Every structure is written in structure tokens, then in C-alpha cells.
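Undergrad: sharing a model that was predicted from the sequence below.
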Amino acid sequence: MKSANILKNITFNEKKPAISVLMETATSKEIRIVFVADQQMKEHQTPHPITVEMVEGNLDFGVEGKVLQLERGDILSLDGGVPHDLRAKSKCIVRLTLSLADSLQRVEDVLKL
């Protein structure tokens, strides 16, 4: 058994979204991304499907020419290969579920775009 708390030990970074691994399971990586208002992750895509859960805050999630306004409690899934972007409207805590085959480095590289 593994456990983690998405709301503990949070450190916001004023320069860019802060990314941390909460845990790895047999099939996935559970990642926490925290944003301050107006931080963004520019358009990118993943090689594998992802699931995004808004734990706290509000952000705009751009996908397929639409902007979805995500708020606390919203969950969405996205197939691999679909371009998307994120922009925080407030302080946000986001849970990102990645395939175990995906890498944290790929997510961190998105912040360098």
C-alpha cells in the first residue's frame, strides 16, 4: 500500500508552476502541479492518456480550440497526442495522473517551452 496527501507540504513557486510526484503505482504516476494566478503551461501534448483533477482553484484548460473553465472538483481525461494548455486564474492545486510509461521530466520540460 502507498499513500500521499495532495494538500500537505505544498510549496508555490512565483516563477513557474511547481511539480512534484506524489506516488508511483503499478500503472501510474500521481503528480501534483501547483500554480499561482496567471502561471501557465504552454500548449503541449502527451504520448499517453492523462487524467486531470482540479483540487483547488480555477484554471482555463485549452483543448481542441475550446477553453474549459475548470474549478474545484472537476476531473477530465485526455487521450495521448491531443494538444492542450493550462492557465491559472487563481492559486491552483492540480492532480495529474500519468501513465507509468510517461516521465516526470517530460512534464518539467513543458515549463521550459
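TA: Everything's here; your move. Numbering: from 1, shown residues only.
Undergrad: specify the beta-bridge partners of V21.
TA: I31 (DSSP bridges).
Undergrad: once you drop chain neighbours, what's closest to the residue nearest to the spatial centre of the chain?
TA: Closest to where the C-alpha atoms of the chain average out (CA atoms, centre = their mean) is L96, at 4.4 Å. Residue nearest to L96 in three dimensions, not counting chain neighbours: I31, with 4.2 Å by CB to CB, 6 or more residues apart in numbering. Every C-beta, even on glycine, is put in place using the N, C-alpha and C of the backbone.
Undergrad: so the one you found touches V107, yeah?
TA: Yes: at 6.5 Å, I31 counts as touching V107 under the criterion of CB atoms under 8 Å.
Undergrad: can you report phi and psi for L86?
TA: phi -130, psi 140 (degrees, to the nearest 10).
Undergrad: let me see the ranges of the strands in the chain.
TA: Along the chain, counting by DSSP state E, strands occupy 18-24, 28-35, 40-44, 50-56, 58-63, 66-71, 75-78, 84-88, 92-99.
Undergrad: TSV for those strands, including distance to F12 and mean pLDDT?
TA: Listed next are the strands of the chain as TSV, based on distance: least, CB to CB, whole Å; pLDDT from 0 to 100:
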stretch	distance to F12	mean pLDDT
strand 18-24	6	95
strand 28-35	5	96
strand 40-44	15	95
strand 50-56	12	97
strand 58-63	14	97
strand 66-71	18	97
strand 75-78	22	97
strand 84-88	10	97
strand 92-99	10	97
